[in-house]
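Visitor: dropping the sequence and predicted coords here.
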Amino acid sequence: MSAAPQAADAGPRPVTGDDPRQLFARVPFCALLQMRREHSAGGRARMSLDARAELGNVIGAVHGGVVSTLLDVAMASAAVSQVDFARTAVTLNLSTSFLEPGHGTLTADAQVVATDGQVAWCRAVATDAEGRTVARAQGSFRYLPLPR
């Protein structure tokens with residue numbers, strides 16, 4: 001038996017607002033993960049989240065998909081801060097290397113390493129509450145106009 005069809009308007013919607021610096025706080029997926037932006041300015045950003053049972057994997061660490069998302073969002077936040085939040089950025093590619101299981105509060109520090117005005121190339125490192133490197137990532141992000 002298949003599930004009942006969902007209403008056409010039940011899917012994701014663009015996130016809009018008067019202050020582009022505050023759009024991150026309105027992204028439903030980031031809110032679901034309870035991700036926090038510590039800072040984002042001048043091509044650098046820091047994001048964090050606390051480990052919770054619903055974010056765990058089979059070994060009791062934060063799931064790698066959550067860690068990848070933390071790194072991805074940190075890099076995108078660094079990218080948009082590079083252009084003073086005048087545009088948004090979407091991920092073109094993302095490469096993540098996992099080094100340690102993530103426990104406790106995880107923090108991702110990201111920076112833009114190059115940009116050509118259309119694409120930003122970024123790197124990021126995620127650390128745990130003890131300062132151990134959990135994962136490293138690099139990615140490229142295409143700039144797009146802010147949604148209206």
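Guide: Done, it's in.

Visitor: give me phi/psi at Val73?
Guide: Dihedral pair for Val73: phi -70, psi -40, per degrees, to the nearest 10.

Visitor: okay, and the beta partners of the residue nearest to it when sequence neighbours are not counted?
Guide: Nearest in space to Val73, with sequence neighbours left out and distances taken as Cβ to Cβ, 6 or more residues apart in numbering, is Met47 at 5.6 Å. For every residue, glycine as well, the C-beta is placed using N, CA and C. For Met47, the beta-bridge partners are Arg37, Ala108 (DSSP bridges).

Visitor: could you check how many residues crowd around Val134?
Guide: A count of neighbours around Val134, defined by other Cβ atoms under 10 Å, yields 24.

Visitor: apologies, that question was intended for Pro14.
Guide: The tally of other residues near Pro14 (other Cβ under 10 Å) stands at 9.

Visitor: do Ala120 as well
Guide: 26.

Visitor: correct me, but it touches Ala114?
Guide: Yes. Counting by Cβ atoms under 8 Å, Ala120 does reach Ala114; the two are 7.4 Å apart.

Visitor: center of the chain, which residue is that?
Guide: Val73 (1.4 Å; Cα atoms, centre = their mean).
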